[in-house]
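1. need a 3D model of the following:
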Amino acid sequence: MRKIVILMILAAASGCMVGPNYKRPAVEAPQTWRFEDAEARGAANTAWWQQFNDPVLDELIRTALRENKDVKIAAARVQQFLGQYGTTRAAFFPQVGAAGSVGQQRASQLSGAAPLEGTGVDPTYGVGELYLNASWEIDFWGKVRRSSEAAQANLLASEEARRGVLMSLVSAVANSYVNLRSLDKQLEISRQTAVSREKSYQIFKLRFEGGVASQLELTQMKSEYEEALARIPVYEKSVAQQENALSVLLGHNPGAIRRGKSIDELAFPAVPAGLPSELLANRPDIRGAEQDLVAANANIGVAKSKYFPSISLTGFFGVASADLSTLFTAPAQTWGFAAPVTVPIFTAGAISGQVKAAEAYREQLLLRYQQSIQNAFREVDDALVDQKWSREQFAAQGRQVEALLEYAHIARLRFDEGYTSYLEVVDAERSLFNAQLSSAQTQGAIFQSLVNIYKAMGGGWGVEAEKIAAEPPQAAK
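-> Here you go, the predicted model:
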């Protein structure tokens with residue numbers, strides 16, 4: 001009879017669960033991006049950083065994925081939520097424990113409970129007890145199932161957060177490396193300009209001493225030379241700071257970074273294209289936000305279940321005897337079985353307050369989920385706009401540099417032939433110097449905009465990053 005009752009209870013419990021079931025919210029998504037390259041549709045699912053065609057960058061990203069501290073923190077956080085999920089799941093099963101004791105007692109003769117002296121009966125006797133006890137709360141209203149659902153969603157959200165860290169790290173390393181190579185180029189332009197202006201300055205010193213050049217021309221030439229020299233420490237400082245920042249991303253102490261190809265030698269990756277549905281399916285932050293929403297939705301059921309009775313099955317089985325030699329005999333057996341029920345009668349609004357709080361929190365996460373989707377669309381569109389117009393800007397700056405090179409050449413010829421003063425040459429070379437620096441900055445911005453497109457799109461390349469992060473140290477080349 002007892003088995004039948006238990007089966008009936010289990011059957012009833014399996015078909016009743018309070019609280020709302022999760023349904024994915026409707027999302028208003030744009031049908032197309034502002035710019036799209038249909039031929040590059042599969043690029044977002046590859047290890048896109050390899051398209052830069054720089055083995056040094058590939059190795060830096062590999063090192064960062066294996067040694068970066070944020071990655072290790074995120075992995076430890078996943079293990080934390082995995083442990084919490086295991087703790088929650090344990091409530092599905094009976095909790096079994098054991099207890100026992102063994103000892104000796106002596107009855108007091110004064111109390112009349114012990115035989116008198118001289119009777120030959122020993123007043124001391126052994127006492128032994130051994131119990132197995134079990135308890136199990138029946139999940140009538142789905143409290144345990146909702147708690148498990150919330151814990152599982154938290155675990156998945158932490159895993160998505162870990163993937164997000166990996167993808168952000170790859171993007172940060174690539175952007176830092178590109179910026180470093182852009183700064184290297186600007187530093188080299190400054191040094192070459194300083195060398196060129198120093199030669200001109202020395203020539204003008206001789207011309208001034210020979211009475212051919214004026215004091216004004218000499219002073220102007222010295223000013224231009226010192227201006228180029230002043231740029232050098234600025235870029236040297238920026239290079240060192242960028243190396244330090246990149247070193248920390250690699251999980252290392254600040255230090256020098258090995259270089260590969262120059263920024264002029266780096267290849268431009270293809271512009272990836274994808275539909276909004278692909279974005280929703282692949283961005284870890286959106287998937288993580290949805291899992292947070294799932295957990296909040298399940299916690300409403302946990303709060304509502306407190307309105308209903310809580311039924312537990314408890315019992316024990318064991319042996320007890322005053323004679324240790326008979327402790328494990330049949331007459332020493334003892335057992336008990338109970339089904340305690342607790343019912344909330346008056347809580348002064350405590351339970352309803354918990355339900356309202358859970359519902360309000362779910363509403364917050366719903367809005368945050370929708371906001372994260374809108375922000376994802378904006379990031380993709382911004383990155384596409386950035387790369388398109390940065391390319392246009394870089395092309396225009398290239399034409400400007402070519403024109404200024406010609407201008408500087410003509411100005412120097414005119415000066416050598418006595419048609420104009422050296423101030424015209426100075427103006428042409430100053431404009432050329434600034435245009436070359438601006439062009440190098442824009443060149444780096446194009447690469448960074450392409451990196452940001454891949455980061456914003458999500459894509460299957462996160463799988464490639466996870467594979468690298470999982471490699472043992474000896475697997476790195």
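
2. so where's the stretch 151-300 of the chain shaky on pLDDT?
-> Scanning the stretch 151-300 of the chain for pLDDT under 70 picks out 272-281.

3. all helices in it, in order from the N-terminus.
-> Applying DSSP state H, counting those that start in this stretch to the stretch 151-300 of the chain gives helices spanning 215-249, 276-282, 284-304.

4. could you dump stretch 384-403 to PDB, C-alpha only?
-> The C-alpha trace of stretch 384-403 is given here as PDB (Å, rounded to 0.1, in the frame of the first residue of the first chain):
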ATOM      1  CA  LEU A 384      30.300  48.500 -41.600                       C
ATOM      2  CA  VAL A 385      30.000  52.300 -41.900                       C
ATOM      3  CA  ASP A 386      33.400  52.800 -40.300                       C
ATOM      4  CA  GLN A 387      35.200  50.500 -42.600                       C
ATOM      5  CA  LYS A 388      33.500  51.800 -45.800                       C
ATOM      6  CA  TRP A 389      34.200  55.400 -45.100                       C
ATOM      7  CA  SER A 390      37.700  54.800 -43.600                       C
ATOM      8  CA  ARG A 391      38.600  53.100 -46.900                       C
ATOM      9  CA  GLU A 392      37.300  56.200 -48.800                       C
ATOM     10  CA  GLN A 393      39.300  58.500 -46.400                       C
ATOM     11  CA  PHE A 394      42.500  56.400 -46.800                       C
ATOM     12  CA  ALA A 395      42.200  56.400 -50.600                       C
ATOM     13  CA  ALA A 396      41.800  60.200 -50.600                       C
ATOM     14  CA  GLN A 397      44.700  60.600 -48.200                       C
ATOM     15  CA  GLY A 398      46.800  58.500 -50.500                       C
ATOM     16  CA  ARG A 399      46.100  60.800 -53.400                       C
ATOM     17  CA  GLN A 400      46.900  63.800 -51.100                       C
ATOM     18  CA  VAL A 401      50.300  62.300 -50.200                       C
ATOM     19  CA  GLU A 402      51.100  61.800 -53.800                       C
ATOM     20  CA  ALA A 403      50.100  65.300 -54.700                       C
END
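
5. check which residues of it are buried.
-> Counting neighbours by 16 or more other Cβ atoms under 10 Å, one finds that the buried residues in stretch 384-403 are 384, 386-387, 390-391, 393-394, 397, 400-401. To be clear about C-beta, it is placed using only N, CA and C from the backbone, and glycine gets the same treatment.

6. could I get those as TSV with pLDDT and secondary structure?
-> Listed next are the buried residues of stretch 384-403 as TSV, based on pLDDT from 0 to 100; DSSP: H, G, I helix; E, B strand; the rest coil:
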residue	pLDDT	secondary structure
Leu384	83	helix
Asp386	88	helix
Gln387	85	helix
Ser390	90	helix
Arg391	90	helix
Gln393	92	helix
Phe394	92	helix
Gln397	93	helix
Gln400	93	helix
Val401	93	helix
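
7. ok, so of those residues, who is nearest Arg66?
-> Distance to Arg66 across the buried residues of stretch 384-403 (Cβ to Cβ) is lowest for Gln387, with 29.5 Å.

8. and the nearest residue to that closest one once chain neighbours are set aside, how far is that from Gly164?
-> Leaving out its chain neighbours, the residue that sits closest to Gln387 by Cβ to Cβ, 6 or more residues apart in numbering is Ser449, at 3.8 Å. Relative to Gly164, Ser449 is positioned 20 Å away (Cβ to Cβ, to the nearest Å).
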